[in-house]
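Undergrad: sequence first, then the predicted structure, then my questions.
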Amino acid sequence: MREINAKLTQEMGDLARDLLASGEVKGVFGWTKGSRWYLTPPVFITKPEEADQLCYDEFAVNNLTGLLLDFRDSQDKIAIFVKGCDSRGIVRLVQDNQLKRENVLVIGVPCPGMGDKGAVTDHRQAQELPLLAKCLECRYPNPVLADRTIGGVTVTTEPSAAPSGATAEAAKGRGVGSKQADRFAQVEAIEKMSPDERSAFWQAQNEKCIRCYACRNICPACNCRECIFDSDKKNWVNKAATPTDNAFFGITRAMHVAGRCVECGECERVCPMDIPIMAMNRKLIGDLNELFGPYDAGVKPEEKPPLGAFKLDDPEEFM
Ligand code: SF4
Ligand code: SF4
């Protein structure tokens, strides 16, 4: 992996340097090597000489697409590196009119599957880490759209396509997508609970939530200009993190992304309290699939989200 990572990092830096030097873009979102071997956090560069800061490896996990919201009112063209899951965030932002497609240069990268830093036992010595659950369940390991690519990755909207490009063998060997069939397993387990058990389960989650809003802040679908949870005028919810207010936040967040969630799994990954946020997202995805037919959000920009369109034969028994 080390050689492949070094090659991809080189390719990334060369392309970013050219784009900035030619003036084709004003800035580039990518990843950089952090202070530990298992950290590869986001970076934003604006000068060709900063291109050496870019790095790509199996810890470049952050979905960077939500960061483009900082440029939603700008005419500047910005480049962004995207893995398969991230690329669906671009479609989300374009469909939500938060981003002009012509103002973003999307660069697709092949994904080897991201390591779970929660499994790190030695902070000084690099070790093999298991994949994040979201990578095991991944159905879109290749970018669904891109203007440029590196590492020979294939751009495709085909669900469950095999990983492609320079990291394809590594991705397959590490099990990327090998648990796609388990995507709804947690939802099914919760649905099997009695109403009292289910209530107790979610009550326990709501008691854990500290309302840090990390889940909201990383999410490309949570893109309102002013979130009701930040407003001090409407008093929709107490600022104190009580279980009742947390439940209101959690349900509102989930309903807000219903039919729009691109399943990048970032909300759950960044939650410091290990709340199973994807279970809520997937419950709504499963229900929408059942009611309106199969739909993967953030794949085809021309396809309207099921709750953003109206058809005469839409089911209406819930109305
Ligand atoms: S990231 Fe977790 S703890 Fe923070 S607000 Fe979201 S659910 Fe609550
Ligand atoms: S709700 Fe979670 S999984 Fe869905 S788009 Fe937002 S961060 Fe990604």
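TA: Yep, that arrived. Everything numeric in this text was worked out from a predicted model, so none of it was measured. Ligands and ions are numbered 1, 2, ... in the order given.
Undergrad: can you give me the strands in this structure?
TA: Secondary structure of the chain (DSSP state E): strands at 27-31, 42-45, 78-82, 104-108, 148-149.
Undergrad: make JSON lines out of those strands and add mean pLDDT.
TA: Shown next, in JSON lines, are those (pLDDT from 0 to 100):
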{"stretch": "strand 27-31", "mean pLDDT": "98"}
{"stretch": "strand 42-45", "mean pLDDT": "98"}
{"stretch": "strand 78-82", "mean pLDDT": "98"}
{"stretch": "strand 104-108", "mean pLDDT": "98"}
{"stretch": "strand 148-149", "mean pLDDT": "98"}
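Undergrad: save those strands as CSV, and put in mean neighbour count too.
TA: Glycine gets a C-beta too; all of them are placed from N, C-alpha and C. Conversion of the strands of the chain to CSV gives the following (neighbours: other Cβ atoms under 10 Å):
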stretch, mean neighbour count
strand 27-31, 25
strand 42-45, 18
strand 78-82, 24
strand 104-108, 23
strand 148-149, 17
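Undergrad: closest one to ligand 2 among those?
TA: strand 78-82 (13.3 Å; Cβ to the nearest ligand atom).
Undergrad: for ligand 2, see how far away the residue of the stretch 51-200 of the chain found nearest ligand 1 is.
TA: Going by Cβ to the nearest ligand atom, ligand 1 is nearest to G66 of the stretch 51-200 of the chain, at 13.8 Å. Computed with Cβ to the nearest ligand atom, to the nearest Å, the distance linking G66 and ligand 2 is 8 Å.
Undergrad: distance of the nearest residue to that residue once chain neighbours are set aside relative to ligand 2?
TA: Among residues not flanking G66 along the chain, P220 sits closest, at 4.7 Å (Cβ to Cβ, 6 or more residues apart in numbering). Separation of P220 from ligand 2 (Cβ to the nearest ligand atom): 6 Å.
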